[in-house]
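K.L.:
I'll drop the sequence and a predicted model, then ask my questions.
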Amino acid sequence: MSDLPRKAITRTAKLAALPLGFAGRATWGLGKRIGGRPAEIVARELQQRTAEQLFKVLGELKGGAMKLGQAMSVFESALPEEIAKPYRAALTKLQEAAPPMPAPTVHAALTERLGPDWRELFQEFDEKPVAAASIGQVHRAVWHDGREVAVKVQYPGAGEALLSDLNQLSRFAKVLAPLVPGLDIKPLIAELRDRVAEELDYELEARSQQAHAEEFADDPDVVVPSVVHQAEKVLVTEWLEGTPLSEVIARGTSEERDRAGQLLTRFLFSGASRTGLLHADPHPGNFRLVTSEAPEGPAEKWKLGVLDFGTVDRLPDGLPAEIGVALRMTLEGDADGVYALMREEGFVKPSIEMDPEALLTYLLPMIEPAQVEEFEFTRKWLRGQAARVADRKSPLYELGNQINLPPSYLLIHRVCLSTIGVLSQLGATVALRAELEDWVPGFLAEEDADGEAEADTGSEAAAAAEETPA
């Protein structure tokens with residue numbers, strides 16, 4: 001029998017216990033303070049207990065519960081250090097592992113999906129999973145032709161569990177929100193729910209992964225395992241050896257952190273341009289630092305290994321040129337152009353009026369990493385940004401709440417935020433501006449005809465805005 005609780009009533013009861021547990025611990029904390037214990041000590045203990053319960057439940061349930069936990073984990077860098085510290089270990093656990101399915105359940109699933117003679121497909125099959133994540137777990141094996149492979153097996157009932165969890169968690173969004181200040185939990189849950197069908201479709205994932213594997217086959221910086229075999233709810237890919245990014249974050253040298261951060265940035269921007277697909281789940285568990293030579297070899301020889309293509313954004317023309325144009329105009333201080341372009345793209349609704357200069361003041365600090373040749377991403381910097389936009393006393397707070405996020409930009413926005421979170425966890429120094437220049441259309445005002453067309457986007461939007469009442 002699987003340890004994945006599939007009955008809706010069981011999963012709902014576990015999730016419903018979360019807010020009750022928070023309330024109970026708050027009462028416990030009040031009692032401790034009345035009893036004379038210092039408030040800050042009680043608060044730290046309360047946070048620790050909350051973290052332990054929250055991520056124990058999310059990890060055990062897998063499905064949508066763990067998926068939310070993984071998505072939240074990349075934002076821990078934005079938390080004040082006194083809050084983040086007790087959560088960090090619990091969050092990190094969700095990036096790499098969860099309680100696995102027992103062997104008989106795995107065997108039954110493989111028999112159903114690969115046939116009763118499934119063992120003949122493998123020379124070896126390790127019964128113990130090397131990773132167990134939100135909707136499936138991975139086993140190391142040797143394919144019948146001698147290749148080392150990773151066998152990803154979807155949990156029985158994962159689809160129902162995923163939807164049930166996310167529907168239930170959306171009801172608790174206000175309760176969960178204080179755990180990651182500055183992160184709007186409800187839209188995140190809604191967006192995860194919208195991606196359920198794709199996440200569960202291993203055939204679609206296989207096509208996305210193989211497209212990347214072929215495009216990056218001879219790449220000096222990125223390696224993507226090729227797809228070996230795919231069946232319903234089973235995906236077999238080439239094995240990729242490497243150091244998980246979570247380990248680089250925890251114990252990596254500054255050289256490893258910088259290299260991993262640069263390659264992560266390069267892959268995410270270049271991948272959209274080269275394949276028309278944006279890898280949309282950039283949490284540390286999906287990346288490896290791969291050394292093609294001895295570990296002590298030069299850093300420029302290290303590659304980024306990329307896993308899990310279950311969630312991608314399909315961008316046939318690459319990233320929208322409007323993103324690059326808006327970034328460039330912001331850096332140039334073109335307040336009117338930025339405002340007009342954001343209105344045209346739907347970031348500012350027709351019923352809303354903003355002061356373009358105030359909008360520029362709001363945006364500029366966020367793109368500080370693009371203003372210099374190299375930028376050191378740190379938790380301190382990210383915490384400052386989170387505090388700035390979440391400060392209810394600031395006149396910019398209301399402006400930030402008025403900015404709309406069009407559906408076509410939802411995944412792009414989440415990928416950018418998640419990537420910044422991971423870079424800040426790494427503490428990596430990254431040449432971000434160079435990657436923007438290389439891979440984001442419109443960021444450079446090119447002199448050729450195509451570049452002129454891109455460069456004109458902002459001025460055309462501004463002219464249109466002047467002719468159209470707000």
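P.N.:
Yes, it's here.
K.L.:
neighbours of residue 325, just the number please.
P.N.:
A count of neighbours around residue 325, defined by other Cβ atoms under 10 Å, yields 27. All C-beta atoms are positioned from the backbone trio N, CA, C, and that covers glycine.
K.L.:
for it, which non-adjacent residue is closest in space?
P.N.:
residue 442 (3.9 Å; Cβ to Cβ, 6 or more residues apart in numbering).
K.L.:
quickly find the element holding that neighbour.
P.N.:
Here residue 442 is covered by no helix or strand, with elements defined by DSSP states H and E.
K.L.:
could you count how many residues lie near it?
P.N.:
Burial measure for residue 442: 25 neighbouring residues, criterion other Cβ under 10 Å.
K.L.:
so how far is residue 343 from it?
P.N.:
Here residue 442 is placed at a distance of 17 Å from residue 343 (Cβ to Cβ, to the nearest Å).
K.L.:
and residue 205, by the same measure?
P.N.:
Summarising the geometry, the distance separating residue 205 from residue 343, computed by Cβ to Cβ, is 37 Å.
K.L.:
before we move on, what about residue 379?
P.N.:
In this view, residue 379 and residue 343 are 34 Å apart by Cβ to Cβ.
K.L.:
those two: who's more crowded?
P.N.:
Of the pair residue 379 and residue 343, residue 343 is the one with more neighbours under other Cβ under 10 Å, namely 23 against 19.
K.L.:
so the more buried one lies in a helix, does it not?
P.N.:
Yes - the secondary structure assignment for residue 343 places it in a helix, going by DSSP: H, G, I helix; E, B strand; the rest coil.
K.L.:
that one and residue 270, how far apart?
P.N.:
Applying Cβ to Cβ to residue 343 and residue 270 gives a distance of 30 Å.
K.L.:
for residue 151, which three-state class applies?
P.N.:
Secondary structure, three-state DSSP: residue 151 is strand.
K.L.:
also residue 217?
P.N.:
Of the three states, residue 217 takes coil according to three-state DSSP.
K.L.:
tell me, how many residues neighbour it?
P.N.:
Residues near residue 217, counting by other Cβ under 10 Å: 11.
K.L.:
can you show me the strands along the stretch 201-350 of the chain?
P.N.:
222-223, 227-231, 234-238, 243-244, 277-279, 287-291, 302-306, 312-314 (DSSP state E, counting those that start in this stretch).
K.L.:
show me which positions of the second one end up buried.
P.N.:
Residues of strand 227-231 classed as buried: 227-228, 230-231 (neighbour count, 16 or more other Cβ atoms under 10 Å).
K.L.:
stretch 368-375 now?
P.N.:
Buried residues in stretch 368-375, defined by neighbour count with 16+ other Cβ under 10 Å: 369-370, 375.
K.L.:
keep only those of the residues you listed that are in helices.
P.N.:
Under the assignment DSSP state H, those contribute nothing to helices.
K.L.:
tell me the contacts of residue 264?
P.N.:
Each residue near residue 264 by Cβ atoms under 8 Å, 6 or more residues apart in numbering is listed here: 245, 282, 287, 304, 419, 422-423.
K.L.:
against residue 194, how distant is it?
P.N.:
If you measure residue 264 against residue 194 using Cβ to Cβ, the figure is 25 Å.
K.L.:
repeat that for residue 121.
P.N.:
Using Cβ to Cβ, which is the criterion applied here, residue 121 is 34 Å from residue 194.
K.L.:
can you list the domains in the chain?
P.N.:
By the record's domain assignment, the chain is partitioned as 8-96+160-196, 103-158+200-238, 321-467 (automatic domain parsing).
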